[in-house]
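**Student:** Below: sequence and its predicted model.
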Protein chains: 2
Amino acid sequence: MTLLVLGSVAFDDVRTPAGSREKVLGGSATYFAWASATLVKTHLVAAVGRDFPVRFEQALEARGIGLEGLHRDPVQETFYWKGYYGEDLNLAHTSAVHINVLGSWRPRIPDHLRAAPYVFLANDQPSNQRHALDQLQKPRLVLCDTRDLWIEKDPHGLLEVIRRTDGIILNDGEARLLTREKNLIRAGKSLHSLGSRIVIIKKGEHGAFLSMDGRGFALPAYPVEQVVDPTGAGDSFAGGLMAFLALVQSSSFSNLKQAMLCGTIAASFCVEDFSLDRMRDLTRVEFDARLEEFRGFLSI
Amino acid sequence: MTLLVLGSVAFDDVRTPAGSREKVLGGSATYFAWASATLVKTHLVAAVGRDFPVRFEQALEARGIGLEGLHRDPVQETFYWKGYYGEDLNLAHTSAVHINVLGSWRPRIPDHLRAAPYVFLANDQPSNQRHALDQLQKPRLVLCDTRDLWIEKDPHGLLEVIRRTDGIILNDGEARLLTREKNLIRAGKSLHSLGSRIVIIKKGEHGAFLSMDGRGFALPAYPVEQVVDPTGAGDSFAGGLMAFLALVQSSSFSNLKQAMLCGTIAASFCVEDFSLDRMRDLTRVEFDARLEEFRGFLSI
């Protein structure tokens, strides 16, 4: 079952207590698709600049990610993020952002992908998310993400995206910022009242929880002994989650719980190395083995 | 099955974003016993001063808590703690501590309680914990707690307590401080190497995890919408946990998992009001109902 993700493809410069990397492949859509492609065929809708190397495109293609929706801008440069993590690996500090190609890009979903049943609107400006929604043809499930920047800069645009999608996946800080509720349970309820039927709040190393149709579910993170680089963990979580839903073609409460386990496992691999390095050769077999181990870890 | 707890009984002055209370009943042993008494007969080994009001003693007795091990000092005053919580309810700020009676007290376990099979050494100076251990007669299970003060002030005494007990329950910050490991999974392994067979690390609103005999288990906290006062949550957690183990007379991995659920539920009630107010009239029926709800919340 086809899965579509709208978001960013980026160059990242990142420094963590474990080391640093320059100009590695990053971006919300990249991490999402890299994770989801472990389970289902995933198509990117994103933009890169003239400086985007062929080898990165080849890597995405080798991973089985559909690039028909990837716009290659002949003039602008690729979106660039520079950041670092201190001892609190839950907190990314941004040193520099060059919007570059994303400043003028408007997403265009290729015609043959407009009927994609499962769609994720990764972190992007709300006007682009709305623009993508306008092009979709009766998707079965659309979940969205956002970040502090858009909550502050375009709350009305974001609220429209929330109303027009089935649910939202965001982190604890963003949930608090958006709803002005310090308590996450109340923040979840507030998100329902804004129009999200499915609310998933991620808490980094502390796991995530789901609220939906008056029911709740929470789970801790997979116990990773050495977090090398947390960049992309949230997008990988969303990728694993949406991939499972697309695979089973259902977004029931019960399947969303299983999907959250898959998201957790995807994120756990993501953080074990820089950029996409740990997930580069990740197989379904490895993924499933860790998923089974995690089930044991949670069983009561 | 008899459960014994060594620890403090205190007067607390506490301020939280929800309000404040003065000279309320507190202390590690109090919170522990108040929670555990919901499930099993619990005996206190603690000391209070000449200023300890009869109504507090009556309240403890009315809760069914055995006070044969409660030393009433005719000269000194009761241990006093004053503190507050800001927006981060996981972090207690101490404004004042008057050690008072605890400065000179050495615990004495009444003869008929020395064969107690289940024992918890709540936060207290390691020399007192060792002194209590010396008096015990073949307990089936002894778990201990500690805090930053003792980790810094008497690490050698604490390490002896760790070697002589079956396991340790402590919070994430203490685990990091004691082991010098930032990653909690590695901190858990380090605690095993120090001599704790059972390692339980509490993470406040983010749940807790267990490591034992090469197996692990993690669970999120019960979703409390309004945390009024987090004081005593950790001790209540330990109380609910030990009470379950004493009730089923087992400390197998499987029962420790169930015990952690009971601990989580005890803590969830504790934080819903100041001091012991929410737990004052807590019944087994209420406790079990929330436990069942929590099981649903965790089931995968």
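**Tutor:** Now that the structure is in, tell me what you want to look at. Numbering: from 1, shown residues only, chains lettered A, B, ... in the order given.
**Student:** Shouldn't A:Ala115 be within a helix?
**Tutor:** No - A:Ala115 sits outside any helix when classified using DSSP: H, G, I helix; E, B strand; the rest coil, being coil.
**Student:** what about whatever residue of the stretch 51-200 of chain A ends up closest to chain B, neighbour count?
**Tutor:** The stretch 51-200 of chain A approaches chain B most closely through A:Ile185 (4.6 Å), counting by Cβ to the nearest Cβ. Where you see a C-beta, it was placed from the backbone N, CA and C, and this is true even at glycine. Look at A:Ile185: counted by other Cβ atoms under 10 Å in any protein chain shown, it has 19 neighbours.
**Student:** Please save the CA atoms from the longest helix seen in chain A in CSV.
**Tutor:** Secondary structure of chain A per DSSP state H: the longest helix is helix A:253-270. C-alpha atoms of helix A:253-270 as CSV (Å, rounded to 0.1, in the frame of the first residue of the first chain):
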residue,chain,number,x,y,z
PHE,A,253,-6.8,1.9,17.8
SER,A,254,-5.3,-1.6,18.1
ASN,A,255,-3.2,-1.2,15.0
LEU,A,256,-2.1,2.2,16.0
LYS,A,257,-0.7,0.7,19.2
GLN,A,258,1.3,-1.8,17.1
ALA,A,259,2.3,1.0,14.8
MET,A,260,3.7,2.9,17.7
LEU,A,261,5.9,-0.1,18.6
CYS,A,262,7.2,-0.1,15.0
GLY,A,263,7.9,3.7,15.2
THR,A,264,9.8,3.2,18.5
ILE,A,265,12.0,0.5,16.9
ALA,A,266,12.7,2.7,13.8
ALA,A,267,13.7,5.6,16.1
SER,A,268,15.9,3.3,18.2
PHE,A,269,17.9,2.3,15.1
CYS,A,270,18.1,5.9,13.9
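**Student:** any idea of the mean pLDDT for it?
**Tutor:** The pLDDT scores in helix A:253-270 average 97.
**Student:** that older thread, helix or strand for the residue of the stretch 51-200 of chain A closest to chain B, just tell me which one.
**Tutor:** In the assignment (DSSP states H and E), A:Ile185 maps to helix A:184-194.
**Student:** Summarise which helices and strands that helix is packed against.
**Tutor:** Using 3 or more Cβ pairs under 8 Å, 6 or more residues apart in numbering or on different chains; DSSP states H and E, the elements in contact with helix A:184-194 are helix A:155-164, helix A:172-179, strand A:198-202, strand A:208-212.
**Student:** could these go into a markdown table alongside mean pLDDT and distance to B:Arg290?
**Tutor:** Output for these, formatted as a markdown table (pLDDT from 0 to 100; distance: least, Cβ to Cβ, whole Å):
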| stretch | mean pLDDT | distance to B:Arg290 |
| --- | --- | --- |
| helix A:155-164 | 97 | 31 |
| helix A:172-179 | 96 | 23 |
| strand A:198-202 | 97 | 21 |
| strand A:208-212 | 96 | 17 |
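**Student:** Make JSON lines from the ones you listed and add distance to chain B and mean neighbour count to it.
**Tutor:** Formatted as JSON lines, the helices and strands packed on helix A:184-194 follow (distance: least, Cβ to the nearest Cβ, whole Å; neighbours: other Cβ atoms under 10 Å in any protein chain shown):
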{"stretch": "helix A:155-164", "distance to chain B": "22", "mean neighbour count": "17"}
{"stretch": "helix A:172-179", "distance to chain B": "10", "mean neighbour count": "20"}
{"stretch": "strand A:198-202", "distance to chain B": "11", "mean neighbour count": "24"}
{"stretch": "strand A:208-212", "distance to chain B": "7", "mean neighbour count": "23"}
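**Student:** Among these, single out whichever gets nearest to A:Gly83.
**Tutor:** For these, the distance to A:Gly83 is smallest for helix A:172-179, at 15.1 Å, taking Cβ to Cβ.
**Student:** can you give me phi and psi for A:Ala218?
**Tutor:** Here is the backbone geometry of A:Ala218 (degrees, to the nearest 10): phi -130, psi 150.
**Student:** pLDDT score for it?
**Tutor:** 94.
**Student:** Same question for A:Gly204.
**Tutor:** We have a pLDDT of 88 for A:Gly204.
**Student:** got it, and the one 3 residues further on?
**Tutor:** Looking at A:Gly207, its pLDDT stands at 94.
**Student:** Could you report the neighbour count for the residue nearest to it when sequence neighbours are not counted?
**Tutor:** Nearest non-adjacent residue to A:Gly207, counting by Cβ to Cβ, 6 or more residues apart in numbering or on different chains: A:Pro220, 4.1 Å away. Number of residues near A:Pro220 (other Cβ under 10 Å) recorded here: 25.
**Student:** mind listing what A:Pro220 touches?
**Tutor:** By Cβ atoms under 8 Å, 6 or more residues apart in numbering or on different chains, the residues touching A:Pro220 are A:His206, A:Gly207, A:Leu298, B:His206, B:Gly207, B:Phe209, B:Ala218, B:Leu219, B:Pro220.
**Student:** try A:His93
**Tutor:** The contact partners of A:His93, taken as Cβ under 8 Å, 6+ apart, are A:Gly83, A:Tyr84, A:Tyr85, A:Gly86.
**Student:** so the third one makes contact with A:Leu91?
**Tutor:** Yes - the pair A:Tyr85 / A:Leu91 is scored as a contact, 6.8 Å apart, by Cβ atoms under 8 Å.
**Student:** Neighbour count: these two, which is higher?
**Tutor:** Between A:Tyr85 and A:Leu91, counted using other Cβ under 10 Å, the more crowded position is A:Tyr85 (19 against 12).
**Student:** residues from the stretch 51-200 of chain A in reach of chain B?
**Tutor:** A:Glu87, A:Lys182, A:Asn183, A:Leu184, A:Ile185, A:Arg186 (Cβ under 8 Å from any Cβ of the partner chain).
**Student:** Adding pLDDT, write these out as a markdown table.
**Tutor:** Below are those laid out as a markdown table (pLDDT from 0 to 100):
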| residue | pLDDT |
| --- | --- |
| A:Glu87 | 86 |
| A:Lys182 | 90 |
| A:Asn183 | 90 |
| A:Leu184 | 91 |
| A:Ile185 | 92 |
| A:Arg186 | 94 |
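**Student:** Return a PyMOL selection command for the buried portion of those residues.
**Tutor:** Of these, the buried ones go into a single PyMOL selection, burial set by 16 or more other Cβ atoms under 10 Å in any protein chain shown:
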select buried, chain A and resi 183+184+185+186
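**Student:** if we can go back for a sec, which neighbouring elements make contact with the longest helix of chain A?
**Tutor:** Counting contacts by 3+ Cβ pairs under 8 Å, 6+ apart, helix A:253-270 is packed against helix A:28-36, strand A:198-202, strand A:208-212, strand A:215-219, helix A:233-248, helix A:284-298.
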